[in-house]
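# Have a look at this fold, sequence not included:
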């Protein structure tokens, strides 16, 4: 018999009413009740939610695509399913299961991108904390086909950031055309995505050049297995330093997780012949500039990589659950979300911030 849960009528939630209004944390936001759930929907009581740079963009409204308003942000939630909509057929998850809420809340599974494994680019996709309400609340509605089962062996707070940051960098490295022993450059290596990218790359047998700034980030990157460190603020010639660090030929690949256009500008110059540039970090407004002559003559491949599909999510979580990747995070209450946004905007957050939704 499925476990029974007492579901309240109201909950605590962080709400963005307009992009120029202060973030509002309320304790009387309605909870969708079980009888209100549509077939295929589920209600998840959240334990925690990670905070991502994407949440900051949604809050500020500075992307070319605008989030819905008012908005409950967040897309890295972990919790228990407490209800499933009536008449849901063949649900892959059950009431009581521990699951994760990702950026991709829903995809149709039948359009051309979905059929080709690009569910995250679904023509009818819904996105947590952007086009539908997300995980900065105690309860969230999602879809049984798209919540991700959380394996044993990983704490909820650690799994939270794997659901976006981990999936994103794992997929990018997976498709970077690198092989064991190759050099990979990771601009933004000390940040939320970057510090996970260092670990996934090491777990996949790659040699890491970490690019970031600051003593704390340097210590973290080297501790996690990066072989080389380049401080972009201290370096007088970033390209030269990276080329020298990679044996004089340049890197086989770069996965740019930094959310600045400048991080992309020099990548073509420090990649070796046949190198791959994985475009991941999303600045608010920037263009990707690449020297066409050297992109062609060096046979460079440029690939956009956008989060990941349901299979990528399971693979990324499995690697983390087996202890190969560990998320470094600070656990804070929901009331700390506004100050977390400030830290992200200033580039001062080391690792990841996870919000405790049980407080």
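Yep, it's here. Predicted model, so just to flag it, every value in this text is computed and none were measured. Numbering: from 1, shown residues only.

# Quick one: residues contacting the residue nearest to residue 70 when sequence neighbours are not counted.
Once flanking residues are discounted, residue 70 sits nearest to residue 17: 4.8 Å by C-beta to C-beta, 6 or more residues apart in numbering. For glycine as for every other residue, the C-beta is placed from the backbone atoms N, C-alpha and C. Applying C-beta atoms under 8 Å, 6 or more residues apart in numbering, one finds that residue 17 lies in contact with 24, 69-70.

# In helices only, show me those residues.
In helices, defined here by DSSP state H, there are no members of the contacts of residue 17.

# Can you lay out those residues as TSV showing neighbour count?
Formatted as TSV, the contacts of residue 17 follow (neighbours: other C-beta atoms under 10 Å):
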residue	neighbour count
24	13
69	13
70	12
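
# Out of these, which is nearest to residue 175?
Set against residue 175, the nearest of the contacts of residue 17 by C-beta to C-beta is residue 69 (34.0 Å).

# will you turn the contacts of residue 17 into CSV that also has distance to residue 149?
As requested, the contacts of residue 17 are exported to CSV (distance: C-beta to C-beta, whole Å):
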residue, distance to residue 149
24, 33
69, 32
70, 31
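
# Buried residues, the helix or strand of the chain with the lowest mean pLDDT. List them.
Taking mean pLDDT, DSSP states H and E as the measure, the helices and strands of the chain show their lowest mean at helix 262-265, namely a mean of 79. Neighbour counts over helix 262-265 (16 or more other C-beta atoms under 10 Å) mark 263-265 as buried.

# same deal with stretch 335-347?
By 16+ other C-beta under 10 Å, the buried positions in stretch 335-347 come out as 336-337, 340-341, 343-344, 347.

# before we move on, what about stretch 56-75?
Counting neighbours by 16+ other C-beta under 10 Å, one finds that the buried residues in stretch 56-75 are 56-59, 61, 67, 71-75.

# Kindly indicate which of these lies nearest residue 231.
When the buried residues of stretch 56-75 are compared for distance to residue 231 (C-beta to C-beta), residue 56 wins out at 24.1 Å.

# Tell me which other helices or strands the helix or strand the closest one falls within touches.
Secondary-structure assignment from DSSP states H and E places residue 56 in helix 53-60. Helices and strands touching helix 53-60, by 3 or more C-beta pairs under 8 Å, 6 or more residues apart in numbering; DSSP states H and E, are helix 337-345.

# hang on, the earlier thing: which is the next helix or strand following the helix holding residue 56?
Beyond helix 53-60 on the C-terminal side, the first helix or strand identified by DSSP H and E is strand 77-84.

# That following strand pairs with which strands, and in what direction?
Partner strands for strand 77-84, per DSSP bridges, with pairing direction: strand 41-51 (antiparallel), strand 98-101 (antiparallel).

# Next up, the contacts around residue 213.
190, 231-234.

# where does the stretch 151-300 of the chain have low pLDDT?
Low-confidence segments of the stretch 151-300 of the chain, defined by pLDDT under 70: 259, 284.

# sorry, back to before: nearest to residue 130 among the contacts of residue 17?
The nearest one, if we look at these relative to residue 130 and count by C-beta to C-beta, is residue 69, at 10.8 Å.

# List the single closest residue to residue 43 in space, sequence neighbours excluded.
The nearest residue in space to residue 43 (C-beta to C-beta, 6+ apart) is residue 83, at 4.2 Å.

# if I look at the residue nearest to residue 174 when sequence neighbours are not counted, how far off is residue 221?
Across the structure, with C-beta to C-beta, 6+ apart as the measure, the residue nearest residue 174 apart from its sequence neighbours is residue 312 (7.4 Å). Counting by C-beta to C-beta, to the nearest Å, the gap between residue 312 and residue 221 amounts to 24 Å.

# Provide a list of residues in contact with residue 279.
Listed by C-beta under 8 Å, 6+ apart, the contact partners of residue 279 are 256, 264, 288, 302-305.

# try 10 Å
By C-beta atoms under 10 Å, 6 or more residues apart in numbering, the contact list for residue 279 reads 172, 254-256, 264, 267, 288, 302-306.

# again with residue 60
Contact criterion C-beta under 10 Å, 6+ apart gives 16, 19-20, 67, 284, 341, 345 as the residues in contact with residue 60.

# thinking again about what came up before, how about the contacts of residue 213 in CSV, adding neighbour count?
Supplementary listing: those in CSV, determined by neighbours: other C-beta under 10 Å:
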residue, neighbour count
190, 28
231, 16
232, 17
233, 8
234, 10
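
# As a markdown table, the residues you listed with secondary structure and distance to residue 211 would be great.
Formatted as a markdown table, these follow (DSSP: H, G, I helix; E, B strand; the rest coil; distance: C-beta to C-beta, whole Å):
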| residue | secondary structure | distance to residue 211 |
| --- | --- | --- |
| 190 | coil | 9 |
| 231 | strand | 8 |
| 232 | coil | 6 |
| 233 | coil | 11 |
| 234 | coil | 11 |
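
# ok, so of these, who is nearest residue 327?
If you rank these by distance to residue 327 using C-beta to C-beta, residue 190 comes first, at 13.4 Å.

# Is the closest one in contact with residue 196, as I believe?
No: the criterion here is C-beta atoms under 10 Å, and residue 190 misses it with residue 196 at 11.0 Å.

# which residues are in contact with both of the two?
With C-beta under 10 Å, 6+ apart, residue 190 and residue 196 have common neighbours 224, 328, 351.

# I'd say residue 167 and residue 318 touch.
No: here residue 167 does not reach residue 318: they are 11.6 Å apart, not a contact under C-beta under 10 Å.

# give me every residue that touches the residue nearest to residue 104 when sequence neighbours are not counted.
Here the nearest residue to residue 104 in space, its sequence neighbours aside, is residue 120; by C-beta to C-beta, 6+ apart that works out to 5.0 Å. By C-beta under 10 Å, 6+ apart, the contact list for residue 120 reads 102-104, 107, 113-114, 127, 167-168, 171, 305-310, 312-313.
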